[in-house]
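In: any chance you can model this:
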Amino acid sequence: MDEVTSEIVQQWLRKSGHDLQNIRNNLAAENIPTDTVCFHAQQAIEKLLKGVLVANARNISKTHDLVKLLTDVADILPELLLYEDQLEDISEYGVGVRYPDDFFEPTLEEARHAYEVALEIETIILNKLQIRKQH
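Out: Numbering: from 1, shown residues only. The predicted model follows:
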């Protein structure tokens, strides 16, 4: 990976790290906004998967669909295919929890699960890219 590509990948990973930091901050709150936690889990995973695509000189789909992105990286990280069902559920948090017209309030258990999945995927991707965790 050349220097420019490496910097772009780092930017994707930093942005996903910001989403994960938002989750940690929200989980420490007295009143946990579970919709926000789930939204940031979806965003973190999306950015991690897009970082993998950049690192491997692949085009990035303009999508928030985590299963589509999973399909795009499946040949690079086949171990992530085990998360397909979970990513399908978490994908819904990218849009469904953001607006009151489709009001859906995830449970605290669902929010924590989405965060755990995001952390697991982050670990797999950072190991694959041989990058140390920065947050």
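
In: so where's the protein shaky on pLDDT?
Out: Scanning the chain for pLDDT under 70 picks out the ranges 96-103, 132-135.

In: packing partners for the lengthiest helix in the chain?
Out: Longest helix of the chain, by residue count under DSSP state H: helix 3-27. Helix 3-27 sits against helix 34-55, helix 108-129, with contacts defined as 3 or more Cβ pairs under 8 Å, 6 or more residues apart in numbering; DSSP states H and E. Using the backbone N, CA and C atoms, a C-beta is placed for each residue, glycine as well.

In: got the angle for that helix vs helix 34-55?
Out: Here the directions of helix 3-27 and helix 34-55 differ by 170 degrees (axes from the mean of the first three to the mean of the last three Cα atoms, to 10 degrees).

In: buried sites along helix 3-27?
Out: Buried residues in helix 3-27, counted by 16 or more other Cβ atoms under 10 Å: 8-10, 12-13, 15-17, 19-20, 22-23, 26.

In: let me know the closest of these to Ala114.
Out: Of all those, Ala114 sits closest to Ile23, with 8.4 Å by Cβ to Cβ.

In: quick check: the closest one touching Tyr115?
Out: Yes: using Cβ atoms under 8 Å, Ile23 makes contact with Tyr115 at a distance of 5.0 Å.

In: who touches both of these two?
Out: Jointly contacting Ile23 and Tyr115 under the rule Cβ atoms under 8 Å, 6 or more residues apart in numbering are 37, 41.

In: centre-most residue in the chain?
Out: Taking Cα atoms, centre = their mean as the criterion, Ile45 is the residue nearest the geometric centre of the chain, at 1.0 Å.

In: surely Pro106 is in contact with Asp35?
Out: Yes: using Cβ under 8 Å, Pro106 is in contact with Asp35, at 6.1 Å.

In: the spatially closest residue to Leu87 that is not a sequence neighbour: what's it in contact with?
Out: Distances taken as Cβ to Cβ, 6 or more residues apart in numbering put Leu66 closest to Leu87, at 3.9 Å, once the chain neighbours are dropped. Neighbouring residues of Leu66 by Cβ under 8 Å, 6+ apart: 42, 45-46, 49, 87-88, 90-91, 94.

In: again with Cys38
Out: Cys38 touches 90, 93, 97, 106, 110-111, 114, counting by Cβ under 8 Å, 6+ apart.

In: alright, calling it a day.
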